[in-house]
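Next come a sequence and a model predicted from it.
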Amino acid sequence: MKSIRVLAAAALLGALAGCSGAQGPATPSQSASDLTSADRGSVREGGTLRWAVDAVPASLDVYQPDATPDTALIAHALLPSLFRLDDRARPVADPDYLAGADAVGRTVTYRLNPKAVWSDGTPVTAADFSAQWAAQRGVHPGYAAIESVAPGADPHQVTVVFKHPYAEWQGLFSPLYPAAGMPRSAGPLTLQSLDAKGGRAVLVRNARWWGDPPKVDELDFLATTDRLDALGQGKVDVAALEGTVDHPPGAGSTDALDSSVQALRRAQTLPNITLHRAAAPAYTQLTFNGSRGPLADAAVRRAVAACVDRKKLVQAALTPLGLPAAPLGNHLLMTGQSGYQDDSAYLGATAKQLHLELNLLYPDGSATARRTADALVAQLAPQGVTVHPKAAAPDSFVHDQLAAGDWDLALFSWPATAFPATDERPLYAKPQPGPDGKPVAGLNYGGAGTDEIDRLFDRAAAEPDQARRTALLQQADAAIWELGHSVPLYQRPDLVAVRAGVAGAGAYGFGWPRYQDLGFRR
């Protein structure tokens with residue numbers, strides 16, 4: 001449901017301490033979501049809800065390379081998503097758009113809600129599916145797997161035939177774009193204006209919406225830099241604060257750590273504001289460069305990984321935020337996700353004296369990333385590993401630094417996904433020779449990969465039975481641990497401030513708002 005991209009920031013990491021392969025017993029995970037729930041009957045009609053975003057996108061195409069989480073946030077209010085994700089990141093058909101769907105072999109039949117129409121009155125039909133397939137099949141592996149799209153037995157049915165069994169088909173056509181192009185929409189809200197330069201997107205009620213009517217008259221997305229001031233001054237009603245806490249505005253390099261703590265304390269004490277906490281669909285990990293130097297040896301990678309005490313790291317990172325300290329033990333599934341299990345025992349290495357000299361790449365501008373780098377230097381030194389930390393500007397971290405491969409260790413974050421067999425394969429795929437014969441890493445920046453891991457991903461992507469698909473993913477994760485590819489540390493926190501009296505907002509985890517329920521309590 002979202003494109004894979006690096007979140008070029010280390011997320012709220014704490015100090016590393018000790019050196020042991022044993023991580024201790026698991027602790028409770030973060031909440032999957034934390035919302036200001038309210039019965040629709042207790043939410044009044046009308047009003048304008050103001051939502052802070054990093055920037056208002058010029059385009060609402062979530063498939064564009066420069067699409068951001070804000071792009072998806074706004075697009076989900078305007079466009080059909082045939083499946084929503086529950087608290088365990090399992091796809092569930094949205095009855096506003098989908099009466100049902102059946103997969104038999106390579107064929108999926110969608111039964112659309114007959115009431116579903118675009119904002120110009122045109123029905124949602126197979127033509128919209130076909131147009132999206134044509135636009136994305138050259139760039140998106142899921143759409144590339146489709147052989148044909150055609151109308152079904154009646155105007156409200158769509159038949160999609162895949163070239164081969166494709167298990168994660170629920171991740172496609174969500175959101176679904178109109179064949180005739182935007183600004184047509186088919187959500188509870190419609191777009192009144194989109195001003196990227198001015199930093200404001202205005203959404204209003206869709207007069208042709210057939211489902212539960214929206215409670216608010218207007219939903220404004222506002223580009224907001226200093227979110228704590230905006231909340232304190234009553235300028236916004238909903239604001240994600242994880243970035244504000246980790247990158248406090250105006251903090252210099254010498255006072256960033258203190259400023260980060262102060263930003264969190266201020267957020268917790270703002271009048272008439274509640275800070276919601278949940279597990280975000282993203283995770284922080286330490287990647288090893290397996291394409292050069294001593295870390296080209298998998299045994300050396302595993303030995304270094306054994307010095308990372310994930311439990312102590314997570315306690316330092318998440319306890320100050322009021323979140324349970326649960327280390328992440330899986331590369332492919334998050335702690336609250338259906339099928340999750342801790343596979344870290346497959347690492348199987350024990351710490352030993354190494355006598356290595358390595359550099360560590362991490363994104364600059366993050367108070368906790370800097371603290372983590374300093375702590376890792378201290379942690380590995382007694383084991384004979386000298387680490388030289390290097391901070392890279394966030395804007396150039398991926399393309400100019402990470403992709404260049406001139407590093408040994410790298411600390412960064414990835415988005416998580418409800419469809420790992422397809423979406424996460426590029427992160428671990430064995431690099432293949434390019435035109436010059438040299439391996440091309442793609443999104444596998446560490447460069448370590450095997451044919452076995454690739455085959456397990458391919459088998460999982462084609463396996464229609466959920467239990468068997470999960471078992472294949474567990475085998476793939478075990479192989480990734482044994483390879484010493486990377487060390488997943490923890491699922492990142494989602495911190496969202498919501499003004500008192502606002503209903504339906506908060507930290508959504510893998511999900512997104514039910515926009516027709518957003519509003520103000522009576």
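Arrived safely.

Contacts only, for the spatially closest residue to residue 385 that is not a sequence neighbour.
On the basis of Cβ to Cβ, 6 or more residues apart in numbering, the spatially nearest residue to residue 385 that is not a chain neighbour turns out to be residue 356, at 4.7 Å. Backbone N, C-alpha and C define where each C-beta goes, glycine included. Each residue near residue 356 by Cβ atoms under 8 Å, 6 or more residues apart in numbering is listed here: 294, 300, 304, 384, 385, 386.

what about 10 Å?
Residues near residue 356 by Cβ atoms under 10 Å, 6 or more residues apart in numbering: 293-295, 300, 303-304, 380, 383-387, 408.

filter those residues to the buried ones?
Among the contacts of residue 356, those that count as buried by neighbour count (16 or more other Cβ atoms under 10 Å) are 294, 295, 300, 303, 304, 380, 383, 385, 387, 408.

Isn't the third one up against residue 384?
No. Contact between residue 300 and residue 384 fails when scored by Cβ atoms under 10 Å: they sit 11.8 Å apart.

hey, what's in contact with both of these two?
When contacts are counted by Cβ under 10 Å, 6+ apart, the set common to residue 300 and residue 384 consists of 354, 356.

any low-confidence regions in this protein?
Along the chain, the parts satisfying pLDDT under 70 run over 1-29, 249-258, 349-353, 367-368.

at 50 instead, please
Within the chain, the segments meeting pLDDT under 50 span 1-28, 252.

Following element in sequence after whichever strand in it runs longest, please.
Scanning the chain for the strand with the most residues, using DSSP state E, yields strand 273-288. Using DSSP states H and E, the helix or strand that follows strand 273-288 towards the C-terminus is helix 298-305.

And the helices in the stretch 151-300 of the chain, which stretches?
Chain-ordered helices for the stretch 151-300 of the chain, with DSSP state H, counting those that start in this stretch as the definition, fall at 227-232, 242-246, 256-269, 298-305.

CSV please, covering those and showing distance to residue 182.
Putting those into CSV (distance: least, Cβ to Cβ, whole Å) gives the following:
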stretch, distance to residue 182
helix 227-232, 28
helix 242-246, 28
helix 256-269, 35
helix 298-305, 46
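
most tightly surrounded among the ones you listed?
Sort those by mean neighbour count, taking mean count of other Cβ atoms under 10 Å, and helix 242-246 sits at the top with a mean of 22.

quick one on the thing from earlier: nearest to residue 80, of the helices of the stretch 151-300 of the chain?
The stretch from the helices of the stretch 151-300 of the chain with the least distance to residue 80 (Cβ to Cβ) is helix 242-246; that distance is 28.7 Å.

Who are the packing partners of that closest one?
For helix 242-246, the contact count by 3 or more Cβ pairs under 10 Å, 6 or more residues apart in numbering; DSSP states H and E identifies helix 227-232, helix 256-269, strand 273-288, helix 367-380, strand 486-499 as packing neighbours.

Swap in 6 Å and give it another go.
helix 256-269 (3 or more Cβ pairs under 6 Å, 6 or more residues apart in numbering; DSSP states H and E).

between the buried ones among the contacts of residue 356, which is closest to residue 259?
Sorting the buried ones among the contacts of residue 356 by how near they are to residue 259, with Cβ to Cβ, puts residue 387 at the top with 25.4 Å.

Enumerate every residue touching residue 80.
Under the criterion of Cβ atoms under 6 Å, 6 or more residues apart in numbering, the contact list for residue 80 reads 97, 176, 186.

tell me the centre residue of this protein?
With distances taken as Cα atoms, centre = their mean, the chain has residue 415 as the residue nearest its mean C-alpha position (3.2 Å).

does it really touch residue 282, like I thought?
Yes. Under the criterion of Cβ atoms under 6 Å, residue 415 lies in contact with residue 282, with a separation of 5.0 Å.

now the helices for the stretch 351-500 of the chain?
367-380, 420-423, 425-428, 451-462, 466-483.

highest average neighbour count across those helices?
With neighbours defined as mean count of other Cβ under 10 Å, those peak in mean count at helix 420-423, which reaches a mean of 24.

how distant is that one from the center of its chain?
13 Å (Cα atoms, centre = their mean, to the nearest Å).

tell me which strands and helices that helix is in contact with?
Packing contacts for helix 420-423, counted by 3+ Cβ pairs under 6 Å, 6+ apart, involve helix 451-462.
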